[in-house]
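[1] model this:
(chains A and B)
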Amino acid sequence: MRSAWCLPSVLLLAVACAPQPSRTKVTPPGTAGSAAVPHAVVVDFRDGTSAEAVAERAHRWGLSLHLNSVEGARSGIAIAEGVDDVDAALARIRGDAEVEEAEPLVRMEALGFTPNDPEYPKQWNLRMIHMPEAWERSHGKGVVVAVIDTGIAYEDREEYVQVPDLAGARFVAGYDFVHDTDHPNDDNGHGTHVAGTIAQRTNNGVGVAGVAFEARLMPLKVLDRSGIGTSADIADAIRWAVDHGAKVLNLSLGGPGYSGVMERAVAYAREKGAVVVCAAGNAATGQVSYPAAYAGAVAVGAVGPDGQLAPYSSWGEALDLVAPGGNTKLGPGNGILQATIDRTDFRKPVLAEYQGTSMATPHVAGVAALVFAAGARTPDEVERALFQGAVSEGAWTPRAGHGRLDALGALNALGKGGAPVDWAPLVWSAALLALLLLSLQTKTRPGYLNVLLNPATLLPLLLSTVGLWFLKLLWQRFVGHSPEAAELLFLPLPDWERILFGRGRLASPLMYSALVPAIAGLLAVRWRSLRPVVAGLSLGFAGFLLYAAWAKAPGIAYLPFTFLARPWLVLNGAAAALLCRSMLRREATR
Amino acid sequence: MKVRGTVEFRDVEMGVWVLVGEDGRTYQISGGRSSLLKEGQRVEIDGDVDDAAVSVSMVGPVLRVRSYKVI
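    As a prediction, this is how the structure comes out:
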C-alpha cells in the first residue's frame, strides 16, 4: 500500500522537474588584443541606477550616454561616444555620487567579425543579436530579400539620389506599384532605412553596417510619400517578389483591416518557398496588425536596448519573435541607426535613428537570409531555426513570442533537425495515471505497470504525447532527411491538426480537446476490446492538454477571448482523464 | 464620419500624428493642414476611415480628413 503512494509522489516530483522547452545559451566570445577607442568613455553607475537617472546625467554632462547592453539596466554600465575631451569629461563624471568608476573605453577584439564602418559602435542592435559571431558563418550571400515598402534610395536618377552607404550593395530589379514604373526609388526614407538594416554596405569604411550585407535587395514600392498604401498593391508586390526569385520578404508595414487578398498572397509566397517577415504594429495593444497576423507570416515585435518589449510595440497571440526596434524614451542612441534619406527632403542622404516594429522586422529578415545562405531550403526550416535559436525564458508567450532574435542561435539551430522530443506531456500522463489509479478502489484498481506495459495502452499513449519520434530516428538513419509531410506524422497526435487544418499559430479546438478520445470511447462501448487502447489514448490526451495549459501554450483558435484558452485545455484534459479512469476501472472489474 | 478627440504626435517610425478619439480608438491622421496638427489640440474631425489602408506607422486605422474644427 505504501508503494502505491510512493510512486505518484516520485512522479509528481518528476513533473515539477520536467525540463522547460529549450533555452538558447550564447557563450560570450573570447577576447584577444585591445585598443583604446578614441573619444569614448565607459561609465559604471551604482547597480540599480535607473535609466532616467542615467539620461538626466547624460544631459547634464552634455554627453550622448547610453546603456551598453541589455545587461546595462542591471549592471549600470553605460558608454558615451563622440566625447571631445575625454580627460575633462572623466573628471566631471568621476565627481558624481552615483558613479562607481569611469574610464576611457577600450575595445577588446572579440572573436568574431568587427566591421570597420565608423558608426558601427553605435549599432547596439547588431551586437544584441550576436552579429559579430554570426558574420563568421554567413553574410547572406546571394539570397534575394524583397523590401516591400516606400522604395529604396538605390540609384541616382532624375530627382532621386542613391544613399552613399548603399553604393556597391547588390540589387535586383524591382517595381514601383505606386507610380507603375520600373524605378522604385524612395521618396519617404522608411524603405531605405529598413533596407539598410538588411544589407547596408558593410566593412566599407562608410556609415553603418547591415545584417546580411551580401544578400541582394529587391526594392518594391507600395507605399506613397506619406508612407500609406493599399492592401491590393501589397498583395500584388508579394506575388511579384516570389515570382521574381525573392526568398525573404520584408514587410515593415501594417493595418488593422483583414484582407483575404493579402492573406492569400502571403500563403502563395510560402508555397513558393519564401519566408514572409512582417512588423507586429506600433499600436501598443494585444492585437498584432495585418499582414503580420496572417498564418503564413512571421510577426515581429520590438524590444529596446534593455531587452524589454518597447512601449509602442504591439503583441498578442500572433506574435512570433521580438527583435531590436529601439526605445528612444531611454534617451538618444537607443534607436536603430541606418543610412537613409531625409524625411523632409528626399534628395538628402542622412544617418537617421528611428524606432518601431518596422525597424525590428528587417533584423529578422536579414537573419532569415543568413540562414538560407547557410543551407536552409524551406521556409519551415528557416522559421524553425529562427524560433529555436531565439533567446527565451522558456515557452512561447504573447509578449515575446518564441523569444528574442539571435543570429548566432539561429545558425546553430539550423541542421539540428526538427524540434527535440518534448517528454513533458508523457511525464504528466504517467503522473496522472498514478493519481487516477489511487482514486480507484483496491478491488477495481489494475497495477500501475500492468497498465503501462500493455502495448495496446502504451502505443496510443506514446502516440498522443510524444508522437512517433522513434520512427523519425529510424527514418533519418536509414533514409535521410525527412520530407515536411512525414515530419508532421512524427508529431504527437493532437498536433496532427497541422495536417488537417494547415499551419498556424493557433491550435484547433477540435484536436486540442477531448473529442478524439471521446469518439474512441464511443467505439469502445460497442467493441469492449478497444478499452485498453482508449485508456492509453485518453490518458495521453489528458497529459498533453494539461501540460499545454500549464505551459500556457498554445493559443486556441476560434475562441472569442484569449483568456479562455487555458480553461478550455484544463476542462478537456480533465474530461479525458475521467474517460481514462472509467476505461481502467471497467477493465479491472471484468 | 465625425470623430472627436485629441491630436497627438507619436515618435514611432517616421513620426506620426494621431487622433486619440473619444470612441477609445487611435487614428492615424492623413491630410489636414498644419493648423490641425498641434500637440494636445482638441478637435472634431469629419473624415473617412480607410480600412484598406496599410502604413508604416501601424498605430491604428487611417483617418482621411475632409474637414475639422477645434473644440
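
[2] mind checking how far A:E383 is from A:I129?
    When C-beta to C-beta, to the nearest Å is applied, the distance between A:E383 and A:I129 equals 16 Å. Every residue, glycine included, has its C-beta placed from N, CA and C.

[3] Over to A:N572?
    Distance from A:N572 to A:I129, by C-beta to C-beta: 39 Å.

[4] which residues of chain B fall in strands?
    All strands of chain B, identified by DSSP state E, fall at B:2-10, B:16-21, B:26-30, B:42-50, B:53-55, B:62-70.

[5] In a markdown table: these, plus mean neighbour count and distance to chain A.
    What follows is the strands of chain B, written out as a markdown table (neighbours: other C-beta atoms under 10 Å in any protein chain shown; distance: least, C-beta to the nearest C-beta, whole Å):
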| stretch | mean neighbour count | distance to chain A |
| --- | --- | --- |
| strand B:2-10 | 17 | 7 |
| strand B:16-21 | 21 | 8 |
| strand B:26-30 | 23 | 6 |
| strand B:42-50 | 17 | 8 |
| strand B:53-55 | 25 | 4 |
| strand B:62-70 | 17 | 6 |
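
[6] Could you export those as CSV, including mean pLDDT?
    Written out in CSV, the entries for the strands of chain B read as follows (pLDDT from 0 to 100):
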stretch, mean pLDDT
strand B:2-10, 96
strand B:16-21, 96
strand B:26-30, 95
strand B:42-50, 95
strand B:53-55, 95
strand B:62-70, 94
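
[7] for those strands, which one sits closest to A:Y268?
    Evaluated with C-beta to C-beta, these place strand B:53-55 nearest to A:Y268, the distance being 17.6 Å.

[8] Quick check: A:A376 touching A:L411?
    No. With contact taken as C-beta atoms under 8 Å, A:A376 and A:L411 are classed as non-touching, separated by 9.7 Å.

[9] So which residue is smack in the middle of chain B?
    Geometric centre of chain B, nearest residue: B:I29, 3.0 Å, by C-alpha atoms, centre = their mean.

[10] who touches it in this structure?
    Contact criterion C-beta atoms under 8 Å, 6 or more residues apart in numbering or on different chains gives B:V7, B:V16, B:W17, B:V18, B:L19, B:L36, B:L37, B:I45, B:L63, B:V65 as the residues in contact with B:I29.

[11] What is the most widely separated pair among these?
    Greatest spatial distance among those (C-beta to C-beta): B:V16 and B:I45, at 15.2 Å.

[12] Could you give the bridge partners of the nearest residue to B:T6 once chain neighbours are set aside?
    Taking C-beta to C-beta, 6 or more residues apart in numbering or on different chains, and ignoring the residues beside it in sequence, B:T6 has B:V20 as its nearest neighbour in space, at 4.9 Å. Judged by DSSP bridges, the bridge partners of B:V20 are B:T6, B:T26.

[13] so who does B:S57 touch?
    With contact set as C-beta under 8 Å, 6+ apart, B:S57 has these partners: A:G227, A:N282, B:R10, B:V12, B:E13, B:M14, B:V16, B:Q28.

[14] Kindly recompute the last result at 6 Å.
    For B:S57, the set of contacting residues under the criterion of C-beta atoms under 6 Å, 6 or more residues apart in numbering or on different chains consists of B:E13, B:V16, B:Q28.

[15] Same question for A:H66.
    A:H66 makes contact with A:G333, A:N334, according to C-beta under 6 Å, 6+ apart.

[16] Let's verify it: helix, strand, or coil?
    For A:H66, the secondary structure call by DSSP: H, G, I helix; E, B strand; the rest coil comes out as strand.

[17] Could you give the bridge partners of it?
    Here A:H66 sits in beta bridges with A:I79, as judged by DSSP bridges.

[18] Ok, A:L220 next?
    Beta-bridge partners of A:L220, counted by DSSP bridges, are A:I148, A:Y175.

[19] ok, which residues in chain A are in contact with chain B?
    Counting by C-beta under 6 Å from any C-beta of the partner chain, chain A comes close to chain B at A:190, A:227-231, A:234, A:253-257, A:281-283, A:289, A:312, A:343, A:356, A:358.

[20] Could you pick out the buried ones from these?
    The neighbour-count test (16 or more other C-beta atoms under 10 Å in any protein chain shown) marks A:190, A:227-231, A:234, A:253-257, A:281-283, A:289, A:312, A:343, A:356, A:358 as buried among those.

[21] Of those, which belong to helices?
    Residues from those lying in helices, with DSSP state H as the criterion: A:H190, A:S231, A:I234, A:S358.

[22] Closest one of these to A:S138?
    Using C-beta to C-beta, A:S358 comes nearest to A:S138 of these, at 23.9 Å.

[23] I'd say that closest one and A:S252 touch.
    Yes. With contact defined as C-beta atoms under 6 Å, A:S358 reaches A:S252; the gap is 3.4 Å.

[24] Could you tell me the end-to-end distance of stretch A:319-327?
    Distance between the two ends of stretch A:319-327: 19 Å, counting by C-alpha to C-alpha, to the nearest Å.

[25] cool, and stretch A:282-294?
    Taking C-alpha to C-alpha as the measure, stretch A:282-294 stretches 17 Å from start to finish.

[26] tell me which residues of it are tucked away?
    Neighbour-count burial for stretch A:282-294 [16+ other C-beta under 10 Å]: A:N282, A:A283, A:A284, A:T285, A:V288, A:S289, A:Y290, A:P291, A:A292, A:A293, A:Y294.

[27] Okay, and which of the residues of chain A next to chain B map to strands?
    When strands are assigned by DSSP E, the members of those inside them are A:I228, A:G229, A:T230.

[28] can you list the residues that contact the host helix or strand of A:A575?
    Remark: A:A575 resides in helix A:565-589, with elements defined by DSSP states H and E. Surrounding helix A:565-589, the residues in contact under the criterion C-beta under 6 Å, 6+ apart are A:432, A:436, A:440, A:444, A:446, A:513-514, A:517, A:521, A:531, A:534-535, A:538-539, A:541-542, A:545-546, A:548-549, A:555-556.
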